[in-house]
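Enquirer: Dropping the sequence and predicted coords here.
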Amino acid sequence: MRVGVKLLLVAAAVTAVGVIIGFYVSNLTTLAGSPAYDVPVSMHNGHPVVDLEFQTVAAVGSKLSQNPDWVSYLIRTTGGEWKRETVWDLPANATVHVTWFNFDGASGLRNPYLARPQGMVGNRILVYGKPVTRIDPNLASHTFAVPALGIIAAVPGVPDDAKHPCGFAPCSPGKNSHVTVKFTFHTPKTPGHYRWQCFVPCAAGWIFGFGGPMQTIGYMDGFLNVKA
Amino acid sequence: MAANPDAAQAPPSDSTNHGVRVVAAWLVLSAIATPLVAIYVGPLIPPGNGSVQAQGQTFSNQVMASFVTPVLCLMAVFFAYGLIKFHTRRNEAVLDGPPLRNDSRVQLLWIVITTTMVLFLAGFGTYELLKDGAGGGQGPNPIALPAHHQTAYPVQVIAQQWQFTYRYPSLGGMESNQLVLPADRLVVLHVTSLDAVHSFWAYQLGVKADANPGVDNVAYVTTKGPMVFNVRCAELCGLWHPYMFNNGTVVPQAQFNRWAAHAVALYASIKPYVNRPTDKGGAPFAYSYLPEPTRRAG
């Protein structure tokens, strides 16, 4: 075989391997470990509107995970079912109304600055229907933060002496003690993958509270897949 | 008399002075390439002219690129000359070359030239580094202090998994997720972390400093005109490390003052909580922090 042909074959093989690795890494960084949930969209005067309901739980339970004692986010589907999926497909330039049920206790924020709601409409959240521009960082249980969009919302924890604490998910807003937070934000006009995360060191049993579910997509981290 | 069978295999005598040819070609190529690299390629080497320190780094890269060009030229000429002159042609018998002999003059010249170059570059690099710190993190007790460092504008960089925030001690410890710096000003950056090891890399400013919990890593930078620069974490720090980036801006002093007033007003609502003692969940301004609270951590 001529040297030129050999070189060409080697170059082709290297290129093919590179492309395969590129696809693998690309897929890994956008959808790792969690299928994307296509959030239902309604149209109001030609403008896309999304109602997003999720809950945060101290222990996800064996029905939803092989790691039953991991803290997690769950999203409510249109059928009313709670699913452990944290990669959400959303339309671009949409209004997203969030209802957040938190069933977990307080862990406290490492950076108190993140207890100030930012990036949502009015830079405030509704806690039990009451507008709030700050929460006590020491009582924060979790945050929903999309750093690239400047969105940070922290939720207070359920008091330790609550009457009906939820042991394992899925928890019921009608039965278990919880904190309800509501806020509204707009998705960007530019499509893209916007990661979101919790900033509270809430992973029990992990070093500095930031291992396990804090480092795994599908629990306390995810993506907003904003699509045109 | 029988013919010597090895005589037919002996290489033909070659009186060409290959060494002179190689040196001549090398000198010509170096004389052309070195000024071109120094003048045209050097200024294009990052990080650019975003700050005085970045400009210094670009100059250092320019000098080093100029020095390395003749070395690369020598390698290229030697390689090319060898390929052209000494390769075996098709259907030609493979013959052994002439034996290599020690030449103490060449050895001495090689040692002198390479040692001089390495020592000069080490001295040059040390001088550039000590002049003003070159934008690098120097730990809590910096020794490479730029002129008038006492008047530097302080900004604290706080890394955490996975976002940078910034505190301005001269604005009452105000914290923001935006890094805004005044133009034409010496700034002292106090880089620290709330949890894991991160690294603050303001690329176009030529600043890079590790962010460690419990450590105040000091870096100096002198801004120039208004610009937007990239901030990235340069230390693998967990799941969202690749997403740990944002943009910073350098703005004129008047614009900085307007931004600062707005940011201080926004910060006012959370300030009372932040200023509480650490055991009450606060984090009053300090030059370093520890990974607290660890209530649920292992």
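Expert: Structure received.

Enquirer: For the nearest residue to A:Ala115 once chain neighbours are set aside, give me its contacts.
Expert: Leaving aside its sequence neighbours, A:Ala115 sits nearest to A:Pro137 (CB to CB, 6 or more residues apart in numbering or on different chains; 4.0 Å). Heads up, the C-betas are built off the backbone N, CA and C, glycines and all. A:Pro137 makes contacts with A:Gly108, A:Leu109, A:Asn111, A:Pro112, A:Leu114, A:Ala115, A:Ala154, B:Ile270, B:Tyr273, B:Val274, B:Gly281, B:Gly282, as judged by CB atoms under 8 Å, 6 or more residues apart in numbering or on different chains.

Enquirer: And A:Lys182, by the same measure?
Expert: With CB under 8 Å, 6+ apart, A:Lys182 has these contacts: A:His97, A:Val98, A:Thr99, A:Trp100, A:Ile125, A:Leu126, A:Gly129.

Enquirer: List the buried residues in the host helix or strand of the first one.
Expert: Put plainly, it is A:His97. Counting by DSSP states H and E, the element that carries A:His97 is strand A:95-102. By neighbour count on 16 or more other CB atoms under 10 Å in any protein chain shown, the buried set for strand A:95-102 is A:Thr95, A:Val96, A:Val98, A:Thr99, A:Trp100, A:Phe101, A:Asn102.

Enquirer: Give me the residues contacting that strand.
Expert: A:47-56, A:90, A:141-142, A:144, A:153, A:155-158, A:171, A:173, A:178-187.

Enquirer: burial count for residue 228?
Expert: In the absence of a named chain, chain A is used. By other CB atoms under 10 Å in any protein chain shown, the residues close to A:Ala228 number 8.

Enquirer: wait, I meant chain B there
Expert: 11.

Enquirer: what does the host helix or strand of B:His262 contact?
Expert: Assessed by DSSP H and E, B:His262 sits inside helix B:253-267. Outside helix B:253-267, the residues that touch it by CB under 8 Å, 6+ apart are A:113, A:116, A:123, B:168, B:171-172, B:174-176, B:178, B:180-185, B:226, B:251.

Enquirer: Kindly report the same for stretch B:174-184.
Expert: Residues from elsewhere that reach stretch B:174-184, judged by CB under 8 Å, 6+ apart: A:111, A:113, A:118, A:147, A:150, A:152, B:153, B:155, B:157-158, B:163-168, B:187, B:202, B:222-226, B:231, B:246, B:248-253, B:256, B:259-260, B:263-264, B:266-267, B:271, B:274.

Enquirer: any chance you could read off phi and psi for residue 39?
Expert: No chain specified, so I'll use chain A. Main-chain torsions, A:Val39, degrees, to the nearest 10: phi -70, psi 130.

Enquirer: Wait, chain B was what I had in mind.
Expert: Backbone geometry at B:Ile39, expressed as degrees, to the nearest 10, gives phi -90, psi -40.

Enquirer: I'd like the buried residues of strand A:95-102 laid out as CSV, including distance to B:Ile45 and pLDDT.
Expert: Converted to CSV, those look like this (distance: CB to CB, whole Å; pLDDT from 0 to 100):
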residue, distance to B:Ile45, pLDDT
A:Thr95, 47, 97
A:Val96, 45, 97
A:Val98, 47, 96
A:Thr99, 53, 96
A:Trp100, 49, 97
A:Phe101, 54, 96
A:Asn102, 51, 96
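
Enquirer: how about the strands of chain A, start to end?
Expert: For chain A, strands defined by DSSP state E occupy the ranges A:36-38, A:42-44, A:47-57, A:72-76, A:82-83, A:87-91, A:95-102, A:125-127, A:130-132, A:140-146, A:151-156, A:179-186, A:192-197, A:221-227.

Enquirer: swap that for the stretch 151-298 of chain B, sorry
Expert: Under the criterion DSSP state E, counting those that start in this stretch, strands of the stretch 151-298 of chain B are mapped to B:153-160, B:163-168, B:174-176, B:179-182, B:186-193, B:198-202, B:207-211, B:217-222, B:227-233, B:245-251.

Enquirer: Against which helices or strands is the first one packed?
Expert: What it means is strand B:153-160. When contacts are defined as 3 or more CB pairs under 8 Å, 6 or more residues apart in numbering or on different chains; DSSP states H and E, strand B:153-160 sits against strand B:163-168, strand B:179-182, strand B:186-193, strand B:198-202, strand B:207-211.

Enquirer: Next, the angle strand B:207-211 makes with it.
Expert: Angle of strand B:153-160 versus strand B:207-211, following axes from the mean of the first three to the mean of the last three CA atoms, to 10 degrees, is 50 degrees.

Enquirer: Counting neighbours, what do you get for B:Ser199?
Expert: Using other CB under 10 Å, the number of residues around B:Ser199 comes to 21.

Enquirer: for it, what are its contacts?
Expert: Neighbour list for B:Ser199: B:Ala159, B:Lys208, B:Ala209, B:Asp210, B:Ala211, B:Cys233, B:Ala234, B:Glu235 [criterion: CB under 8 Å, 6+ apart].

Enquirer: From those, pick the one nearest chain A.
Expert: Distance to chain A across the contacts of B:Ser199 (CB to the nearest CB) is lowest for B:Ala159, with 10.3 Å.
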